[in-house]
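A.B. asks: Please find the sequence and the predicted model below.
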Amino acid sequence: LYTDDVQARLVARKLEIRGRRADDLIWQIALTKAVAVAVNPLMLADMVGGLAVDVGLVISLSKLYGLPMTQQEALKLLRTIAIATGSLSISELLITLGLSSLKSILGTAGLATGGLSMAPYFSVALTQAAVAGFATYAIGQVTRTYLVNGAHWGAQGPKTVIANIVNALDEKSIMARLKHDLKQKLGRD
């Protein structure tokens, strides 16, 4: 009985440590994506680079949880997440396209005006970056839950599990933290 108790405590402690490492990894990758989106003026690069970052996040989390995935398996999981989130994915895409276009226009105008349009550029870039970072954060939390459950969605299926996770996220506080951390990283306190 004592050995079983010790074993249970060790497993619980290991899961707690792994959970903290996963949280740190998810945050760092979400912030990295946000910084990349903020400083990149090219729309296509934002989208392609963002997908690459998300695939890297899924693969990194799978290694952390001892369930390694290939790039194709990670893409398949991301496709499942995108389909299950539906409106969130479409909203992120539309926001990314709109803000990226505006950011490109302001960046070009910045060259023509000698930098006068850079304040609005930074504001747009910060918002677009926070949206991209939040999406990656959500993907990380969904992936983590999937992996914790042994790479299964359970009886509820992916749509319900993903909706529950996304609905439980505090979007305002996550976006506020992303914006704060972005400002610090970009030297705009």
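C.D. replies: Nice, thanks for sending it over.
A.B. asks: Report the contact partners of Leu61.
C.D. replies: By Cβ atoms under 8 Å, 6 or more residues apart in numbering, the contact set of Leu61 is 22, 25-26, 140, 143-144, 147. All C-beta atoms are positioned from the backbone trio N, CA, C, and that covers glycine.
A.B. asks: Would you mind finding the longest helix in this structure?
C.D. replies: helix 2-39 (DSSP state H).
A.B. asks: Just the mean pLDDT for that helix, thanks.
C.D. replies: For helix 2-39, mean pLDDT rounds to 90.
A.B. asks: Next, find the distance separating the nearest residue to Thr145 once chain neighbours are set aside from Ile174.
C.D. replies: Nearest residue to Thr145, sequence neighbours excluded (Cβ to Cβ, 6 or more residues apart in numbering): Ile165, at 5.8 Å. Per Cβ to Cβ, to the nearest Å, Ile165 is found 13 Å from Ile174.
A.B. asks: Just want the most central residue of this structure.
C.D. replies: In the chain, the residue lying closest to the centroid (Cα atoms, centre = their mean) is Thr136, at 1.1 Å.
A.B. asks: shaky segments in the protein?
C.D. replies: 87-121, 188-189 (pLDDT under 70).
A.B. asks: Would you state the helices of it in chain order?
C.D. replies: Using DSSP H, helices in the chain cover 2-39, 43-64, 71-85, 87-112, 118-148, 157-168, 171-185.
A.B. asks: which parts of stretch 166-175 are buried?
C.D. replies: Buried residues in stretch 166-175, defined by neighbour count with 16 or more other Cβ atoms under 10 Å: 166, 174-175.
A.B. asks: Now for the nearest residue to Trp27 once chain neighbours are set aside: which residues touch it?
C.D. replies: Nearest residue to Trp27, sequence neighbours excluded (Cβ to Cβ, 6+ apart): Tyr137, at 7.1 Å. By Cβ under 8 Å, 6+ apart, the contact list for Tyr137 reads 26-27, 30, 169, 174, 178.
A.B. asks: Check Ile162 too.
C.D. replies: Contacts of Ile162 (Cβ under 8 Å, 6+ apart): 81, 84-85, 142.
A.B. asks: Repeat that for Leu51.
C.D. replies: Leu78.
A.B. asks: what's the spacing between it and Lys33?
C.D. replies: 10 Å.
A.B. asks: Over to Gly86?
C.D. replies: Where Lys33 is concerned, Gly86 sits at a distance of 21 Å (Cβ to Cβ).
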